[in-house]
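[1] Show me how the following folds:
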Amino acid sequence: MSRAPLAAGDLWEASAYVFTKPLGGPLSRNTGYHDWKRLLEDAGVRNGQLHDA
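    So this is what the prediction gives:
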């Protein structure tokens, strides 16, 4: 078992998702999009789609 479920204890929400929120629940559909855009901005790289990488 990974450390996340152990750290969350009774708050952990079991799921079959590979990528989850800190407490185990599913991510919002647009989380990856917003994370990608923030990463590009922070790195000072031109705007682009994840698939362009």
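
[2] Run through who's touching the lengthiest helix in the chain.
    As assigned by DSSP state H, the longest helix anywhere in the chain is helix 31-43. When contacts are taken as CB atoms under 8 Å, 6 or more residues apart in numbering, the neighbours of helix 31-43 outside the stretch itself are 46-48, 50. C-betas here are computed from N, CA, C, even on glycine.

[3] tell me the mean pLDDT for that helix?
    Confidence for helix 31-43, expressed as mean pLDDT, is 93.

[4] One more: stretch 15-28?
    Averaging pLDDT along stretch 15-28 yields 86.

[5] List the buried residues in that stretch.
    residue 20 (16 or more other CB atoms under 10 Å).

[6] Determine how far the last residue of it lies from the first.
    Start to finish, the residues bounding stretch 15-28 are 14 Å apart (CA to CA, to the nearest Å).

[7] what about it, distance to the chain center?
    Put simply, stretch 15-28 sits 8 Å off its chain's centre (CA atoms, centre = their mean, to the nearest Å).

[8] And stretch 14-33, by the same measure?
    Relative to the chain's own centre, stretch 14-33 is displaced by 6 Å; criterion: CA atoms, centre = their mean.

[9] Give the residue farthest from the middle of the protein.
    residue 46 (21.8 Å; CA atoms, centre = their mean).

[10] Does that one belong to a helix, a strand or coil?
    Under the three-state scheme (DSSP: H, G, I helix; E, B strand; the rest coil), the conformation of residue 46 reads as coil.
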